[in-house]
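Enquirer: just need the structure, nothing else, for what follows:
(chains A and B)
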2 protein chains.
Amino acid sequence: MADRPVAALGNRTPLEAARKPNMDEIAKRGISGLMDTIAPGVPPGSDTAHLALLGYDPYETYTGRGPFEAAGAGIDLRAGDIALRANYATVDDDLVIRDRRAGRIHDTAQLAKAIQQIKLPGVQILFKSTVGHRATLVLRGKGLSHEITDSDPHRTGTKVLQVKPLTKKAAKTAGLLNEFSRESHQVLKYHPLNKERVGQGLPQANCLLLRGAGVAPHLAPLQEKFGLESACVAAAALVKGVCRMAGMKVIDAPGATGGVDTDLNAKCEAVLRALETNELVLLHVKGFDEASHDGNAVAKVQLIERVDAMIGSLLAAADFIVLAVDHTTPVSVREHTGDPVPITIAGPGVRGDGVASYDERAAARGGIGRIRGKDLLPILADLMGKGKKFGA
Amino acid sequence: MADRPVAALGNRTPLEAARKPNMDEIAKRGISGLMDTIAPGVPPGSDTAHLALLGYDPYETYTGRGPFEAAGAGIDLRAGDIALRANYATVDDDLVIRDRRAGRIHDTAQLAKAIQQIKLPGVQILFKSTVGHRATLVLRGKGLSHEITDSDPHRTGTKVLQVKPLTKKAAKTAGLLNEFSRESHQVLKYHPLNKERVGQGLPQANCLLLRGAGVAPHLAPLQEKFGLESACVAAAALVKGVCRMAGMKVIDAPGATGGVDTDLNAKCEAVLRALETNELVLLHVKGFDEASHDGNAVAKVQLIERVDAMIGSLLAAADFIVLAVDHTTPVSVREHTGDPVPITIAGPGVRGDGVASYDERAAARGGIGRIRGKDLLPILADLMGKGKKFGA
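Expert: Numbering: from 1, shown residues only, chains lettered A, B, ... in the order given. Prediction:
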């Protein structure tokens, strides 16, 4: 939701321009401030931002997107697993990439099943197709490392790359992944589905491009860290992945698309149900990202107003309510930036500060001051009576 | 520039008392805040302050002033080099110090040339005279350590000290420096220049007092860290040293003295030229330090007003302009203190905050809140579109 002043909105941000009585009511009841989700001036990713929002130090726990994408796809990761993002792609006989998405193939369940049969010495493979041409690969075993290069050259017309180790101890992992690349190419090349695709004039999905290797960290579950039974309602795979790894129940709301057209009522109902059995529920609305990446300030204002209406139905449902943003995405930049984001915490006991609007500049005058993302959940947990004393 | 309220200025700080329309204009256009250059309550040195201002963690990169002074003197340091500050001094036959500055000797080029001939086992020596009685010594080789004591007792009437190791692994370095002390004493004692000085009734420069050992850190250049081609215009050797080690071009402005009489026009012109080929130019005005160390609030107000006039010529020259101070030096204290300093960032996209003056108390109500020195450059780089995303 957060932005920079937009000329077309009279030098206001979308949050300043939108009519949002419910968010403003929360700001009036609550205490506001600015938050550097990662660190001042550092543009957060969706994954690192949510690690921080759930109280983990992103610099200690994040090595790459792979593990969070794998967890988002429902794979139960163990600390030490190496996970990568994979693309089904089309290569010619010389392994030159012709289509990085294999004609945007989508029905890949059979292919994944065949890939899952591949055996590599000394490690276990977990492979799963996710959405469209996307899949995720996990290696489980001893002595693995994420310090390797991608096999995906990120463009067509060039050969698939050899995975290279960036450190000595990563040599074994690089070797295993190169073997996986060869084997999976053989498996896919002769798979009946690709024969069918050739017959239909479609590009074959005869190769897997690997990237984003990361090692699954040990994240102490929120139940253990703060004594909070928790759940999340989110559409974005990376967000779901982080929540799953934090021990939260991940609730799928029908109609939640991650776009501006997402079904907010379905999300709201999922939250209300989750609140019956959970002490903490995270509701993530992804659509702002889409409007921001499109540079569409008006769509952003409209979505803020729709989300505000939904929040009206949640006001009475919880003792505490926190409004936060995972990162700023200015419509003028169309990318994540490092500007701090506004936060407001309302609930019994907060030291109200006279801030009457939930927006970037009002929050800068709030009683919280300026904090880091990883400090937000400890502050909330403490207000909820779950603070963990350090010392005697 | 920064200070505490001064009774003689009607309980205003020099920044609050000065007439400075250009700085105030920048504050009006920009976003303001307070900055702890190192950490709250910690008085910064010029070297550590500039490390932080350039985005480096001073606690990770600073071990002593030696390396920055050596770099400021134009020595190209390599990571791992041990550098020390040296004074030409006068000792008697028992090595008791008679003058710590050898009669404020200044023409020492011949002496330095002779010293540079000294050979030590297994290490390379780089020795350079700087300003007046000052010089800098660099040891380059394997297994060196800066964890040693000074040979300079910091007072006259006592003997030159043996350099002692503070850790086991520093024993070799301490031994080498004691050998250097003996050798350099021999070289200087019999140098023709000292014969001349005896003839002229001047104290001999027959000894080198060593202090401020530090190890040259690896500083990732600003070009690599932020993708910024950068330069600095500064007179102070320590500031120039930090900038050089950060990969900035160091531009000497004729007439820049580091005092209150410095030629601000020359500095301003150097900045304008540097902006033609650089994305980031740091302009450092040292004179405030002199006025502050003299306890002269009026001189400080006058220099603020002169600097403000110069800033008028820079307003149109850059998209972004940042006003910052490296440390507070209250005229009442005459030393660096740990008070936070005011900062203002003006440029496209900043969330203006209604602050209308560039001074300590106005900045405390600004939209930036309170940040650390090392966060300033990441924030600026992000606003300039050079933010480095962490995560996916």
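Enquirer: just give the number of residues close to whichever residue of the stretch 51-200 of chain A sits closest to chain B.
Expert: At 3.8 Å from chain B, residue A:65 is the closest residue in the stretch 51-200 of chain A, using CB to the nearest CB. To be clear about C-beta, it is placed using only N, CA and C from the backbone, and glycine gets the same treatment. Residue A:65 sits with 25 neighbouring residues when counted by other CB atoms under 10 Å in any protein chain shown.
Enquirer: what sits against the closest residue to it other than its chain neighbours?
Expert: Spatial nearest neighbour of residue A:65, excluding adjacent residues (CB to CB, 6 or more residues apart in numbering or on different chains): residue B:392 at 3.8 Å. The neighbourhood of residue B:392, defined by CB atoms under 8 Å, 6 or more residues apart in numbering or on different chains, consists of A:45-48, A:64-65, A:68, A:212, A:238.
Enquirer: what's the answer for residue A:155, then?
Expert: Neighbouring residues of residue A:155 by CB under 8 Å, 6+ apart: A:97, A:100.
Enquirer: is it in a helix, a strand, or coil?
Expert: Counting by DSSP: H, G, I helix; E, B strand; the rest coil, the backbone at residue A:155 sits in coil.
Enquirer: give me the distance between it and residue A:184.
Expert: Applying CB to CB, to the nearest Å, the value for residue A:155 to residue A:184 is 20 Å.
Enquirer: tell me the pLDDT at the closest residue to chain B within chain A?
Expert: Using CB to the nearest CB, the point where chain A gets nearest to chain B is residue A:45, with a distance of 2.3 Å. Looking at residue A:45, its pLDDT stands at 95.
Enquirer: okay, now it: neighbour count?
Expert: 22.
Enquirer: so which residues on chain A come close to chain B?
Expert: Near chain B, the residues belonging to chain A are A:4-5, A:13, A:34, A:38-49, A:58-59, A:62, A:64-65, A:68, A:212, A:238, A:330, A:332-333, A:335-340, A:360-361, A:364-365, A:369-370 when assessed by CB under 8 Å from any CB of the partner chain.
Enquirer: buried subset of the residues you listed?
Expert: The neighbour-count criterion (16 or more other CB atoms under 10 Å in any protein chain shown) marks A:4-5, A:13, A:34, A:38-49, A:58, A:62, A:64-65, A:68, A:212, A:238, A:330, A:332-333, A:336-340, A:360-361, A:364-365, A:370 among the residues of chain A next to chain B as buried.
Enquirer: where does chain A have its least confident helix or strand?
Expert: Of all the helices and strands that make up chain A, helix A:287-293 has the lowest average by mean pLDDT, DSSP states H and E, namely a mean of 90.
Enquirer: run through who's touching it.
Expert: By CB under 8 Å, 6+ apart, the list of residues contacting helix A:287-293 from outside reads A:1, A:3, A:46, A:258-262, A:297, A:299-300, A:303-304, A:329-331, A:334-335.
Enquirer: give the buried subset of those as a ChimeraX selection command.
Expert: Per 16+ other CB under 10 Å, the buried members of the contacts of helix A:287-293 correspond to this ChimeraX selection:
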select /A:1,3,46,258,260,262,297,299,300,303,304,329,330,331
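Enquirer: any stretches of chain A with poor pLDDT?
Expert: Judged against pLDDT under 70, the low-scoring parts of chain A cover residues A:258.
Enquirer: outline the domain layout of it.
Expert: Taking automatic domain parsing as the reference, chain A has its domains at A:7-62+A:219-383, A:70-214.
Enquirer: may I have stretch A:188-208 as CSV, with CA atoms only?
Expert: Written as CSV, here are the backbone C-alpha positions of stretch A:188-208 (Å, rounded to 0.1, in the frame of the first residue of the first chain):
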residue,chain,number,x,y,z
LEU,A,188,11.5,-35.4,-20.1
LYS,A,189,12.7,-35.8,-23.6
TYR,A,190,11.3,-39.3,-23.9
HIS,A,191,8.1,-38.7,-21.9
PRO,A,192,4.8,-39.5,-23.7
LEU,A,193,3.4,-36.0,-22.9
ASN,A,194,6.1,-34.4,-25.0
LYS,A,195,5.4,-36.7,-27.9
GLU,A,196,1.8,-35.4,-27.7
ARG,A,197,2.9,-31.8,-27.5
VAL,A,198,5.1,-32.3,-30.6
GLY,A,199,2.0,-33.7,-32.4
GLN,A,200,0.0,-30.6,-31.3
GLY,A,201,2.7,-28.3,-32.5
LEU,A,202,3.5,-27.2,-28.9
PRO,A,203,7.0,-26.6,-27.6
GLN,A,204,8.2,-29.6,-25.5
ALA,A,205,8.9,-29.3,-21.8
ASN,A,206,12.2,-31.2,-22.1
CYS,A,207,14.4,-29.4,-19.7
LEU,A,208,14.4,-27.9,-16.1
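Enquirer: ranges for the helices of the stretch 51-200 of chain A?
Expert: In chain order, the stretch 51-200 of chain A shows helices spanning A:58-61, A:66-72, A:109-116, A:171-189, A:192-199, with DSSP state H, counting those that start in this stretch as the criterion.
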